[in-house]
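Visitor: kindly return the folded structure for what I paste below:
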Amino acid sequence: MVGVGSKAVRACRNVGRSVADHERWIVLGVVLAYVAAYALLSIAKHQSFHSTAFDLAVYDQIFWNTIQGRPFESTLDRGICEPHSFLGGHFSPVLLLLAPLYAAVPRVETLLVLQTAALGAGAWPIYLLARSRFPAGWQRLVWVAAYFLIVPLAHMNLFDFHIVTLAVPLLGLALYFLDRGRTVAFAIALGSTFLVKEELPLVALGFAAYVLVAKRDWLLGGAVAAASVAWFVFAVKVAIPAFNAGAEYHYLDFYARLGDTELDIARTVLTDPVRTGQVLLTDANAKLRYLLVIFGPGLGATLLSGPGVLLVLPQLGYTLLSGYAPQYAFENHYSATLVPLALATSLFGVARLRPRWRTGVLLGVLAASVVLSLRWGALPHSRGFDASRFDRDARYAEFTPHLTAIDPRAAVMTQDFVASHLAQRRLLYYEGYQRTCAVADWIVLDYADPQFVKRDRDKHRREIAKFERSGFETVARGDGLALLRRRPVGGRGRSADTLVVGARESGACAPGALAASASSRDRTARLAARALVDERPIAPVCQRSVAPRRDPAPRGVLERVGAALRGE
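Guide: Below is the predicted model:
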């Protein structure tokens, strides 16, 4: 028995040494396996008609327009009818930098693979941080496992495409470079996140506070804080209004309970703890669940990280103080910037424990990660993994060929699940939010639309009848699907080369009618109505035909983009 026991011990030691010797390759293999698996799953989800208008169709249209020489142009974003700049809602100049990649393979699947690669790469900085604090072998790999098991990761990976996910590896690298004292690399990594989305400078304020308190580097901390504030003010007070006809940054409405402006919100948070606490306690159960799935894998060890807590405070404030519930729902993409920093600070906290406690705590980290993933995650072993989202409904296979009849230059209004398959066109509208402000040549109806129809066949038939009464004819039907075309006026159809923006129904062009019709819908529709009523001359637009820009001859992608930026 003693001999058997000693052999088992030696075998375990040999396995441990082998893991330690090959841990880099193990991590790389896990990353590549994740990227391959979830890229395929994301593509399968899209091709089976389970991807949505917001935001896969939004981004595909933006990228497609950009490589056609119309940088950042959209007709879906914020519900605005006219072709407009996406930068008027979100300041994401990184889209232009990624355009050549999209141009190489101009398909929506390119965006899904790009997002998966970014989320997979986010594990590497976590591994590098673990290398600097834990001995070689399984203790480091626990943190890589915790990263891939953390609940929001797979959810956001399978939820269409969102540009903020590209910040995940950059934030991890920024923290690693800061931890290793590589100031220039830290500044580049953190500064790069500013190009991703306008709220990333707020995340950087957490880095600034951490540098000031943990590193006692007043020059670097002050510089990061100053750059963060300056870029945020530039983005929301200069850049976004410049691309939005001078209108304010309308996502501030999510924080209306704290104030009307950025300064009002900051003043409330800093000086009115009662009011701030009331907002934090709103929808408390959902927020507690959000905190559990993000900090639970690390056993709440972020609280043991000392100044590391400062790194996560801006993201927590940004999500938990919002009046928009999806921002603190772990199934969405809003937790993307919190995931790498929550795990990294948990790692810092565990590393501060005495060595004799670490083994038990790390086993607890692994166990908690597995349990939470099983309960709420979106990995194949999880309860939240819905395999039906990857099976293509036969009704789409039979109906899709009819969509080829649509002229690529025509204006199309569609319901969800179909929108992301028709996004490579200049004029695309979502029927649920934009029915009052877009005149379409074609309409695609799908009773599976999750927002407004919800597989109600009677409502689907009523919608077909409604559009037939308003000047459309049904040219194809499927199981819960319909393709309608505007009837020619006076025997002649509208030219596909003319973009007509506005609504034809009597009174629909009036700002009051638009606001009234939008008032019965959800918050997104109200924001769209506000943008249209307050910022756009609705009546003139409804009567105007806009000739689309045409290139005299085919040009390269970069040449077309440059020409558009110069106004040519």
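
Visitor: residue 117 reaches residue 38, doesn't it?
Guide: No. Between residue 117 and residue 38 there is no contact under C-beta atoms under 8 Å: 9.6 Å. The C-beta positions use only the backbone N, C-alpha and C, and glycine is treated the same way.

Visitor: where does pLDDT dip in the chain?
Guide: Low-confidence segments of the chain, defined by pLDDT under 70: 1-16, 18, 21, 437-438, 490-568.

Visitor: what sits up against the helix ranked longest in it?
Guide: Looking only at the chain and at elements set by DSSP state H, the helix with the highest residue count is helix 23-47. When contacts are defined by C-beta atoms under 8 Å, 6 or more residues apart in numbering, helix 23-47 is touched by residues 19, 51, 56, 108-109, 112-113, 115-117, 119-121, 123-124, 127, 136-137, 140-141, 144, 148, 154, 157-158, 389-390, 392, 420.

Visitor: among these, which lie within helices?
Guide: With helices defined by DSSP H, the entries of the contacts of helix 23-47 inside them are 19, 108-109, 112-113, 115-117, 119-121, 123-124, 127, 140-141, 144, 148, 154, 157-158.

Visitor: ok, of those residues, which come out buried?
Guide: Among the ones in helices among the contacts of helix 23-47, the ones that count as buried by 16 or more other C-beta atoms under 10 Å are 108, 112-113, 115-117, 119-121, 123-124, 127, 140-141, 144, 148, 154, 157-158.

Visitor: domains for this structure, by residue range?
Guide: Using automatic domain parsing, the domain parsing of the chain gives 2-50+107-251+259-376, 395-501+544-563.

Visitor: show me where the stretch 251-400 of the chain has helices.
Guide: Defined through DSSP state H, counting those that start in this stretch, the helices belonging to the stretch 251-400 of the chain, from first to last, are 262-271, 273-281, 284-295, 309-320, 338-351, 355-376, 394-399.

Visitor: okay, angle between the longest helix of the chain and helix 108-121 too, please.
Guide: Here the directions of helix 23-47 and helix 108-121 differ by 150 degrees (axes from the mean of the first three to the mean of the last three C-alpha atoms, to 10 degrees).

Visitor: circling back to that earlier point, format the helices of the stretch 251-400 of the chain as JSON lines; extra columns: distance to residue 25 and mean neighbour count.
Guide: Formatted as JSON lines, these follow (distance: least, C-beta to C-beta, whole Å; neighbours: other C-beta atoms under 10 Å):
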{"stretch": "helix 262-271", "distance to residue 25": "46", "mean neighbour count": "14"}
{"stretch": "helix 273-281", "distance to residue 25": "44", "mean neighbour count": "13"}
{"stretch": "helix 284-295", "distance to residue 25": "29", "mean neighbour count": "17"}
{"stretch": "helix 309-320", "distance to residue 25": "30", "mean neighbour count": "21"}
{"stretch": "helix 338-351", "distance to residue 25": "21", "mean neighbour count": "26"}
{"stretch": "helix 355-376", "distance to residue 25": "20", "mean neighbour count": "16"}
{"stretch": "helix 394-399", "distance to residue 25": "41", "mean neighbour count": "16"}
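
Visitor: dump those helices to a markdown table, plus distance to residue 101.
Guide: Conversion of the helices of the stretch 251-400 of the chain to a markdown table gives the following (distance: least, C-beta to C-beta, whole Å):
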| stretch | distance to residue 101 |
| --- | --- |
| helix 262-271 | 33 |
| helix 273-281 | 40 |
| helix 284-295 | 30 |
| helix 309-320 | 27 |
| helix 338-351 | 23 |
| helix 355-376 | 31 |
| helix 394-399 | 28 |
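
Visitor: so what touches stretch 206-226?
Guide: With contact meaning C-beta under 8 Å, 6+ apart, stretch 206-226 is reached by 174-175, 178, 183, 187, 190, 204-205, 228, 306-308, 310-315, 341.

Visitor: scratch that, stretch 361-375 is what I was asking about
Guide: Residues from elsewhere that reach stretch 361-375 (C-beta under 8 Å, 6+ apart): 139, 142-143, 145-146, 149-151, 292-293, 296-299, 301, 346, 350, 353, 379, 381-383.

Visitor: among those residues, name the buried ones.
Guide: Taking 16+ other C-beta under 10 Å as the criterion, what is buried in the contacts of stretch 361-375 is 139, 142-143, 145-146, 149-151, 292-293, 296-299, 301, 346, 350, 379, 382.

Visitor: ok now the longest helix of the chain, how far from the chain's centre?
Guide: 19 Å (C-alpha atoms, centre = their mean, to the nearest Å).

Visitor: go through it and flag the buried ones.
Guide: Of the residues in helix 23-47, those buried under the neighbour-count criterion (16+ other C-beta under 10 Å) are 23, 26-27, 30-31, 34-35, 37-39, 41-46.

Visitor: which of those residues sits closest to residue 78?
Guide: residue 46 (23.0 Å; C-beta to C-beta).

Visitor: pull up the gap between the closest one and residue 113, please.
Guide: To residue 113, residue 46 is 11 Å away according to C-beta to C-beta, to the nearest Å.

Visitor: which SSE is immediately downstream of the longest helix of the chain?
Guide: Per DSSP states H and E, helix 23-47 leads on to helix 58-67 as the next helix or strand towards the C-terminus.

Visitor: which element follows that following helix toward the C-terminus?
Guide: Sequence-wise, the next helix or strand downstream of helix 58-67 (DSSP H and E) is strand 73-74.

Visitor: centre of the chain to that next one, how far?
Guide: In this view, strand 73-74 has its centroid 17 Å away from the chain centroid, taken as C-alpha atoms, centre = their mean.

Visitor: contacts for that strand?
Guide: Outside strand 73-74, the residues that touch it by C-beta under 8 Å, 6+ apart are 58, 61-62, 65-66, 83-86, 426.

Visitor: give me that answer again for 7 Å
Guide: Contacts to strand 73-74, defined as C-beta atoms under 7 Å, 6 or more residues apart in numbering, come from residues 58, 61-62, 65, 83-86.

Visitor: go on, stretch 182-192?
Guide: Contacting residues not belonging to stretch 182-192 are listed as 170, 173-174, 177-178, 204, 207, 220 [C-beta under 7 Å, 6+ apart].

Visitor: 10 Å instead, please
Guide: Taking C-beta atoms under 10 Å, 6 or more residues apart in numbering as the criterion, the residues outside stretch 182-192 that touch it are 94, 97, 125, 166-167, 169-180, 200-201, 203-204, 207-208, 211, 217, 219-220, 223-224, 227-228, 231.

Visitor: what are the buried residues along it?
Guide: The neighbour-count check on stretch 182-192 (16+ other C-beta under 10 Å) flags 186-187, 189-192 as buried.

Visitor: how about stretch 96-110?
Guide: Residues of stretch 96-110 classed as buried under the neighbour-count rule (16+ other C-beta under 10 Å) are 96, 98-99, 102-103, 106, 108, 110.

Visitor: pick the one among those residues closest to residue 280.
Guide: Within these, distances to residue 280 taken as C-beta to C-beta reach their minimum at residue 98, with 35.7 Å.

Visitor: helix or strand: which one has that closest one?
Guide: In this structure, residue 98 sits in helix 94-104 according to DSSP H and E.

Visitor: using CSV, list the CA coordinates for that helix.
Guide: As requested, C-alpha coordinates have been extracted for helix 94-104 and formatted as CSV (Å, rounded to 0.1, in the frame of the first residue of the first chain):
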residue,chain,number,x,y,z
VAL,A,94,-11.9,52.7,-33.9
LEU,A,95,-14.5,51.7,-36.4
LEU,A,96,-12.6,53.5,-39.1
LEU,A,97,-9.4,51.7,-38.2
LEU,A,98,-11.1,48.4,-38.5
ALA,A,99,-12.7,49.2,-41.8
PRO,A,100,-9.8,47.7,-43.9
LEU,A,101,-10.2,44.4,-42.0
TYR,A,102,-13.9,44.4,-42.9
ALA,A,103,-13.1,45.4,-46.5
ALA,A,104,-10.9,42.3,-46.8
